[in-house]
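K.L.:
With the sequence up front, the predicted model follows.
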Amino acid sequence: MTQNQYELVIGNKNYSSWSLRPWLLMTRFVIPFNEVMVNLRGPQRQEELDASSPSALVPVLKTGDLTVWDSLAIIEFIADQHPELPIWPGSRADKAIARSVSAEMHSRFFNLRSEMPMDFVRTIALDEISEGVEKDIRRIIEIWTFCRSTYGSGGEFLFGGFSGADAMYAPVVSRLRTYGVELDQFGDDGAAADYMRAVTEMPEMALWGKAAKDEISSEDEGLPKTS
């Protein structure tokens, strides 16, 4: 390690949804870390992943001799390391719900992930939304609306203030924005759209987006020129 306690290994900011989660959390809570980026589209991708991660996946958090992989595991570890920070809601019951919806994000929504891959910068029009993706979107809206109405009175996020649950759902916000999904077509009464707006307007999301744009510009510069 260098000057910071933590090193966070991530993938390309435009494409790596799992990397966004711990990066956003640690940046939001002003937890210093050294950032190491593996180019997931580069020729040395596999070698770099094998050298950085036991699972050959990103993200990975390193501190001292310890390596923690998997987004949710990293968030839980950071919460344990920094009990002074409200990474999870304060009460035991609220924390249990926050962890439940985070774990659901971690283990579900396969149709949305596969049919709407993360592309943070671009806007992409979909010809149609499959039945599986529609089911995922409706469940996500249900989760956001429930959390906001039941636990969100203290702020703009799922449990009021920003928490690990918001870090877990931030890439979903990005995907729905990228593909121009109109939430009211799937039963949203406005609460989910308001939540999306709050996450999108976070300065930390803007920082991530600026870096993603820089990556895309570098990719475009490497393309052969056409007349």
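P.N.:
Arrived safely, thanks for sending.
K.L.:
low pLDDT regions in this protein?
P.N.:
For the chain, the stretches with pLDDT under 70 are 1-3, 220-227.
K.L.:
how about the helices in it?
P.N.:
17-28, 45-52, 71-81, 92-107, 110-115, 131-151, 164-178, 191-200, 203-221 (DSSP state H).
K.L.:
could you give the angle of the last one to helix 191-200?
P.N.:
Same thing as helix 203-221. 70 degrees (axes from the mean of the first three to the mean of the last three C-alpha atoms, to 10 degrees).
K.L.:
which other residues reach helix 203-221?
P.N.:
For helix 203-221, the external contacting residues (C-beta atoms under 8 Å, 6 or more residues apart in numbering) are 12-14, 20, 23-24, 27-28, 41, 120-122, 170, 174, 199. Heads up, the C-betas are built off the backbone N, CA and C, glycines and all.
K.L.:
7 Å - rerun?
P.N.:
Asn12, Lys13, Asn14, Leu20, Trp23, Leu24, Thr27, Arg28, Phe120, Val121, Ala170, Val199 (C-beta atoms under 7 Å, 6 or more residues apart in numbering).
K.L.:
ok, and the most crowded of those?
P.N.:
Using other C-beta atoms under 10 Å as the neighbour test, these are led by Leu20, with 27 neighbours.
K.L.:
Can you tell me the closest non-neighbouring residue to it?
P.N.:
Pro171 (5.2 Å; C-beta to C-beta, 6 or more residues apart in numbering).
K.L.:
how near is that neighbour to Gly90?
P.N.:
25 Å (C-beta to C-beta, to the nearest Å).
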